[in-house]
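S.K.: build me a model:
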Amino acid sequence: MSQTTLFERAEECIKACKPAEKIKLSYETETAWQEKKLSLDKISAILKFEEPGRPDKPELVPPRELNRRKITTKEGHAALIHSICHIEFNAINLAWDAVYRFQDMPVEFYADWIKVAKEEAFHYELLSQHLNSLGYEYGDFSAHNGLWESALLTAFDPMVRMALVPRVLEARGLDVTPGIVNKLKGIGDQAAIDILAIVHRDEIGHVEIGTRWFRYLCEQRGLNSEKIFKELIDKYMKGTLRGPFDHDARKRAGFTEEELIYLESTNLN
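M.R.: Residues are numbered from 1 along each chain as shown. Sure, this is the predicted structure:
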């Protein structure tokens, strides 16, 4: 890796197709950043990335076409771990895209999202290794492309990205993890429970980073963050939000009481 521009390195990370290569590049880029070997010189042509680098498998299908399997079966158990593994793989791309796409942000913004990319890569490693221990590999089950579609939807504005990706889609993981842990307790998968404890802890931090930068951008534009958050959900996510919402975890990630009350009012369940 001879390049010295952070944005070029981020592009390499996004383009990498093999998971092992994407993880290696993510770790190397984070190290180079910490060692102050990367500049913030802008690149002239920012790519849209209709598709990030990914392996040939898993097959990507609409969410409604995903097979539902009982966790009490070997295949269903593995499919659950695979689905979380897929989320973490996509989260690596999302973090690097935030670095790559928005090149007019303060240096602290890049430090935050580089840290997120490194942690998402570590989460993927833990989950894929556990999946291997169950006799399966990443790509053995189909998956959906919803997270990357959200990156395309929000590529035009970092404020919209921070509002809708970390604070809506990624925050959903804070809500569902306790239920997943209960299911894993039922089948005695302590290793997965331990991994999810790490993921859940880190994801609170990731959502908090999204919250902090969303509010920063609102403040820069003279906007009320709570009002804008509601407006963006109404515009882009109306009719899609489902509870329950984990109020404690979301408060730790920076959500206000008013925002939580609003989310409950949109709940489809």
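S.K.: residues making contact with stretch 150-160?
M.R.: For stretch 150-160, the external contacting residues (Cβ atoms under 8 Å, 6 or more residues apart in numbering) are 48-50, 93-94, 97-98, 101-102, 105, 161, 164-165, 169, 213-214, 217-218, 221, 228, 232, 236. All C-beta spots, glycine's among them, are computed from the backbone N, C-alpha and C.
S.K.: no, scratch that, I was asking about stretch 184-204
M.R.: The contact list for stretch 184-204 (Cβ under 8 Å, 6+ apart) reads 71-72, 77, 81, 84, 88, 119, 123, 126-127, 130, 133, 170, 173-174, 177, 180-181, 249, 252-253.
S.K.: ok, the most centrally placed residue in the chain - contacts?
M.R.: Note on the chain: the residue nearest the mean C-alpha position is Ala91, at 3.3 Å, using Cα atoms, centre = their mean. By Cβ under 8 Å, 6+ apart, Ala91 lies in contact with Val116, Glu120, His123, Tyr124, Leu147, Glu170, His206.
S.K.: Ile46 touches Gln103, doesn't it?
M.R.: Yes - using Cβ atoms under 8 Å, Ile46 is in contact with Gln103, at 7.3 Å.
S.K.: moving C-terminal of the helix or strand where Val207 lies, what's the next helix or strand?
M.R.: Per DSSP states H and E, Val207 falls inside helix 190-220. Remark: after helix 190-220, the chain's next helix or strand is helix 225-236, criterion DSSP H and E.
S.K.: pull the number of nearby residues for the residue nearest to Trp33 when sequence neighbours are not counted.
M.R.: Spatially, and ignoring its direct neighbours in sequence, Trp33 is nearest to Ile114 (5.2 Å; Cβ to Cβ, 6 or more residues apart in numbering). Residues near Ile114, counting by other Cβ atoms under 10 Å, number 25.
S.K.: let me know the secondary structure of Ile114.
M.R.: Assigned state for Ile114: helix (three-state reduction, DSSP: H, G, I helix; E, B strand; the rest coil).
S.K.: any idea how far Gly139 is from the closest residue to Ala249 other than its chain neighbours?
M.R.: Once flanking residues are discounted, Ala249 sits nearest to Leu174: 4.1 Å by Cβ to Cβ, 6+ apart. To Gly139, Leu174 is 27 Å away according to Cβ to Cβ, to the nearest Å.
S.K.: which one of these two has more residues nearby?
M.R.: Remark: of Leu174 and Gly139, Leu174 carries more neighbours, 22 against 19, as counted by other Cβ under 10 Å.
S.K.: dump the residue contacts of that one.
M.R.: His200, Glu203, Ile204, Val207, Asp246, Ala249, Arg250, Ala253.
S.K.: now with 10 Å, please.
M.R.: Counting by Cβ atoms under 10 Å, 6 or more residues apart in numbering, Leu174 touches 200, 203-204, 206-207, 245-250, 252-253, 255.
S.K.: thinking again about what came up before, common neighbours of Ile46 and Gln103, please.
M.R.: Phe7.
S.K.: quick one: the helices in the protein?
M.R.: Using DSSP state H, the helices found in the chain span residues 6-15, 19-34, 74-101, 107-133, 146-153, 158-164, 172-187, 190-220, 225-236, 247-252, 257-266.
S.K.: looking at those, which is closest to Asn67?
M.R.: Comparison of the helices of the chain against Asn67 by Cβ to Cβ identifies helix 74-101 as nearest, at 7.4 Å.
S.K.: picking up where we left off before, out of the helices of the chain, nearest to Asp56?
M.R.: Of all the helices of the chain, the one in closest proximity to Asp56, counting by Cβ to Cβ, is helix 19-34 (11.7 Å).
S.K.: helices or strands up against that closest one?
M.R.: Here helix 19-34 touches helix 6-15, helix 74-101, helix 107-133, going by 3 or more Cβ pairs under 10 Å, 6 or more residues apart in numbering; DSSP states H and E.
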